[in-house]
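[1] structure, please.
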Amino acid sequence: MEFNGITLVTGAAGFMGSHLVELLAERGVRIRATARPRKDTSFFDRLGVEFVPADLTEPEGLPTLFEGGVDRVFHLGAVCNFSTPYEKLRVTNVLGVEHITRLALEAGVKRFIHASSTSVYGRYRGHPFQEDDPRDPCDDYGRSKRDGEDVVWQRVEQGLPAVVTRPCTVYGPRCTDGAGKAFSRPTSITAVPGSGKQLLANVRAEDVAAAMEHLSRLENAVGQAYNIVDDSRPTLEQALRLAAEAFGKKPPRLHLPLPAVRAAAWLDGTLSSWRGKVPDLELAAVNYLCDDYVVDNRKLKATGFTLKYPDFEQSMRQMGEAYLRAGESGR
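    Residues are numbered from 1 along each chain as shown. Below is the predicted model of the structure:
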C-alpha cells in the first residue's frame, strides 16, 4: 500500500506521537500533525511538518484535519495514565475515537492505525499475552483503551480499513510519563519493588513508530490487532540495574515489600490529586508488579517486521551512550 496524500498523526506532541512524526518526516512523508493547541510548535517547525491544533473532545473542530486529501491516519491521541478516572478518560479515549474514526470513514482513508495498549488484557494469567486472548482490563485506563478498541472494531465492520496496535511499556528518548520513564532518564530509585524477579515487557519508542508504519502498508493487517514488544524479558531488578548503570546512577540494592510500595503509591496518589497532578508512583501501575508480565510478539514478527532494539540490555547501553554524548556536547 502506497500513500500519496496527507498522513494525519493525532497526539503528535506526545512522547510516542513525536517519535512517529520524526520517523515519517525522515521518510519524506507529507504529514499533518495535530494535538491540543500550544504556543511552542518548534519541534514541528524544525521538521518542516504542518501542525494543526485540535482537541479530540471538541468534535466541531476536527473536520478541518481531513481537508486537502488525508489518506492515512495514525491515531495516538489519548490520555495515558492510571490515575485519571474512567469518566474523564472516556471523553478522549472512547468518544474521541468515535469522532476521529467517523471522519476517517467519511473521508475514505486508505488506512487507520489505532494505538491501543496491552493493558486491555488485564492481569497476567501465567502465559504470554497473545492478540486473541480475552480482554479483561483491571483498571480504568485499560477499560478506556478496550472500549476505544471496540469503537474501531465497529468501524471496521462499517468499512474502515483499520489496524489496532497494542504496545506494552514504552520507553526511550523524551519519555517523561508512565512506567517507561524509569528506563528513559536518570532517576533516584533506591529500592526494588518486591522480589525484583518479576518479568517485564518493554519496547523502544522508535520500534513502536516503525511497527505502526510497517503495519499501515500491509493489506492483510486490516482488521487485525498486533502486540508491540521487544524480544527481551528482563526481570524488574535487572531492568532497574541496567537503567541506573546506563545513566551513571547507583543501582538500587534494597528490596521494598510490595505492600509498602502500594502504601507509598496510595499516599503519592492522594497528595498528587490534591495538587491536580498525576503521581510519579501510580497505584494501578504497582499492581502490575505483583506478577510477571510477558507479551508475545510473534504475530508482528511474522509480518516481516524487524525490531531495531530487540534486546533491552543493548538498548539501554545505547541510550546511556547517547545521554553521555549529549551531556558532553552541551558543556
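[2] where along the stretch 51-200 of the chain do the helices fall?
    When assigned using DSSP state H, counting those that start in this stretch, the helices of the stretch 51-200 of the chain occupy the ranges 86-93, 95-107, 140-157.
[3] ok, which of those helices comes nearest residue 170?
    When those are compared by C-beta to C-beta, helix 140-157 sits nearest residue 170, at 13.5 Å. For the C-beta atoms, the positions are set from N, CA and C on the backbone; glycine is no exception.
[4] now the helices of the stretch 51-200 of the chain in a markdown table, with mean pLDDT?
    Below are the helices of the stretch 51-200 of the chain laid out as a markdown table (pLDDT from 0 to 100):
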| stretch | mean pLDDT |
| --- | --- |
| helix 86-93 | 96 |
| helix 95-107 | 98 |
| helix 140-157 | 98 |
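[5] to residue 283, which of these lies closest?
    Residue 283 sits nearest to helix 140-157 of all those, at 11.5 Å, using C-beta to C-beta.
[6] got the contact list for that closest one?
    The contact list for helix 140-157 (C-beta atoms under 8 Å, 6 or more residues apart in numbering) reads 78-82, 84-86, 89-90, 93-94, 96-98, 101-102, 104-105, 112, 114, 116-117, 119-122, 135, 137, 160, 162, 164, 222-223, 225, 284.
[7] and that helix with helix 95-107, angle?
    Using axes from the mean of the first three to the mean of the last three C-alpha atoms, to 10 degrees, the inter-axis angle of helix 140-157 relative to helix 95-107 is 20 degrees.
[8] can I get the CA coordinates of helix 140-157 in PDB?
    The C-alpha trace of helix 140-157 is given here as PDB (Å, rounded to 0.1, in the frame of the first residue of the first chain):
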ATOM      1  CA  ASP A 140      -9.900   2.400  34.400                       C
ATOM      2  CA  TYR A 141      -7.100   3.100  31.800                       C
ATOM      3  CA  GLY A 142      -7.300  -0.400  30.400                       C
ATOM      4  CA  ARG A 143     -11.100  -0.300  30.300                       C
ATOM      5  CA  SER A 144     -11.000   3.000  28.400                       C
ATOM      6  CA  LYS A 145      -8.500   1.500  25.800                       C
ATOM      7  CA  ARG A 146     -10.600  -1.600  25.400                       C
ATOM      8  CA  ASP A 147     -13.700   0.500  24.800                       C
ATOM      9  CA  GLY A 148     -11.800   2.600  22.400                       C
ATOM     10  CA  GLU A 149     -10.800  -0.500  20.500                       C
ATOM     11  CA  ASP A 150     -14.400  -1.600  20.400                       C
ATOM     12  CA  VAL A 151     -15.200   1.600  18.500                       C
ATOM     13  CA  VAL A 152     -12.500   0.800  16.000                       C
ATOM     14  CA  TRP A 153     -13.800  -2.800  15.500                       C
ATOM     15  CA  GLN A 154     -17.300  -1.400  14.900                       C
ATOM     16  CA  ARG A 155     -15.900   1.000  12.300                       C
ATOM     17  CA  VAL A 156     -14.000  -1.900  10.600                       C
ATOM     18  CA  GLU A 157     -17.400  -3.600  10.100                       C
END
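[9] run the chain-centre distance for that helix.
    When distances are taken as C-alpha atoms, centre = their mean, to the nearest Å, helix 140-157 is centred 15 Å away from the chain's centroid.
[10] grab the nearest non-local neighbour of residue 164.
    Spatial nearest neighbour of residue 164, excluding adjacent residues (C-beta to C-beta, 6 or more residues apart in numbering): residue 225 at 4.2 Å.
[11] you'd agree residue 4 is in a helix?
    No - Residue 4: not assigned to a helix; according to DSSP: H, G, I helix; E, B strand; the rest coil it is coil.
[12] right, and it touches residue 71 too?
    Yes - here residue 4 reaches residue 71: they are 6.9 Å apart, a contact under C-beta atoms under 8 Å.
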